[in-house]
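Enquirer: have a look at this prediction, sequence included:
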Amino acid sequence: MGLSSIKQNLFIIQQLARRDKRRENASTNLGQLWQILNPFINMMILVVLFSTIFKSDSFVNYPLYVSAGTILYEYFLVGTDGCMNSLISNKQFLLKTSIDINIYVFEKLYVAVINLFFSVCIFMAMMLYFRIPIRFINILLIADIFLFSLFILGVGKVLAVIYVNFADIKYLYKILTLFIFYGTAIFYKPERLSANLQVVMSWNPLYIAIAILRQLLIDGIMPSIHLWMKLGFYGIVFYFIGSVVLKSGADNIVAKL
């Protein structure tokens, strides 16, 4: 792919993202601000509800602990849900243009990344409030988000293909994400679980991405190589699987639409 082709694809992604933003914000007064504040509204609710329950867990900076989890959970939720709807919501473009089918999925992740950027900025402001310094190691958050984004894209591509053929997946996925939320140690420490459940959680890609973020930003330490390797494995493998599924089903998708 040449440089001009990359620029053209980026331009298309940006135009589609602007269109989606106008649609989403048309019926609200605060618009984009709601999407930025949403993880922190959820964080405040969780802090109020669970700070008393888990006060014996010797949490340090519990609001930051919860916020780190909600930020990446919201990113995962918005990213995968957007990718799942990417083909159906762009039906007319798919039928009338020859734009690469991957563009529609990338555009949904692009929108999610924009929301994530603002959320991370607010999180770092919270760090300063809790007197946690901004460190050079924090820049590795980019690698964490990149690998996690590959995973989201892979899952999103598979969901997009399934949704075209089986619309009920949208409702089943909502149920699944509820299990993911409570099984990712967003508002509690994994040590509260049994040894077997801790092993299972240690392979949860969402938990791994959150654990890396917490160690980089809150603790200011380098996450273990095992965490990086697991996240890298999930990112590369799922992106490859998603790409194969989307490519192999491209012709059938257009016919179904």
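Expert: Perfect, I can see it now. Numbering: from 1, shown residues only.
Enquirer: from now on I want contacts and neighbour counts done on CA atoms only, so please keep to that.
Expert: Noted.
Enquirer: OK, contacts around residue 234?
Expert: 151, 205 (C-alpha atoms under 8 Å, 6 or more residues apart in numbering).
Enquirer: again, only using 10 Å
Expert: By C-alpha atoms under 10 Å, 6 or more residues apart in numbering, the contact set of residue 234 is 147-148, 150-152, 154, 203-206, 228, 240.
Enquirer: export only the CA atoms of the helix or strand containing residue 209, formatted as CSV.
Expert: Residue 209 is part of helix 205-213, with elements assigned from DSSP states H and E. What follows is helix 205-213, C-alpha atoms only, in CSV (Å, rounded to 0.1, in the frame of the first residue of the first chain):
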residue,chain,number,x,y,z
PRO,A,205,-7.1,-9.9,27.7
LEU,A,206,-9.1,-7.0,29.1
TYR,A,207,-7.7,-7.6,32.6
ILE,A,208,-4.2,-7.8,31.2
ALA,A,209,-4.5,-4.5,29.4
ILE,A,210,-5.9,-2.9,32.6
ALA,A,211,-3.2,-4.4,34.8
ILE,A,212,-0.5,-2.9,32.5
LEU,A,213,-2.2,0.5,32.6
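Enquirer: before we move on, the earlier item: just the buried residues of the contacts of residue 234.
Expert: 147-148, 150-152, 154, 204-206, 228, 240 (16 or more other C-alpha atoms under 10 Å).
Enquirer: returning to that earlier point: packing partners of the helix holding residue 209?
Expert: Applying 3 or more C-alpha pairs under 10 Å, 6 or more residues apart in numbering; DSSP states H and E, one finds that helix 205-213 contacts helix 62-89, helix 141-165, helix 169-182, helix 225-248.
Enquirer: from the contacts of residue 234, which is closest to residue 60?
Expert: residue 206 (21.6 Å; C-alpha to C-alpha).
Enquirer: find the nearest non-adjacent residue to the closest one, please.
Expert: Leaving out its chain neighbours, the residue that sits closest to residue 206 by C-alpha to C-alpha, 6 or more residues apart in numbering is residue 184, at 6.8 Å.
Enquirer: show me the shaky parts of the protein.
Expert: The chain contains residues with pLDDT under 70 at 1-6, 21-36, 39, 51-59, 255, 257.
Enquirer: nearest the geometric middle of it, what residue?
Expert: Centroid-nearest residue in the chain: residue 76, 2.3 Å away (criterion: C-alpha atoms, centre = their mean).
Enquirer: now do the residue nearest to that residue when sequence neighbours are not counted against residue 206, distance only.
Expert: Once flanking residues are discounted, residue 76 sits nearest to residue 152: 6.5 Å by C-alpha to C-alpha, 6+ apart. Distance, residue 152 to residue 206, by C-alpha to C-alpha, to the nearest Å: 10 Å.
Enquirer: same question, residue 178
Expert: Counting by C-alpha to C-alpha, the gap from residue 178 to residue 206 is 13 Å.
Enquirer: for residue 219, same thing?
Expert: Here residue 219 is placed at a distance of 19 Å from residue 206 (C-alpha to C-alpha).
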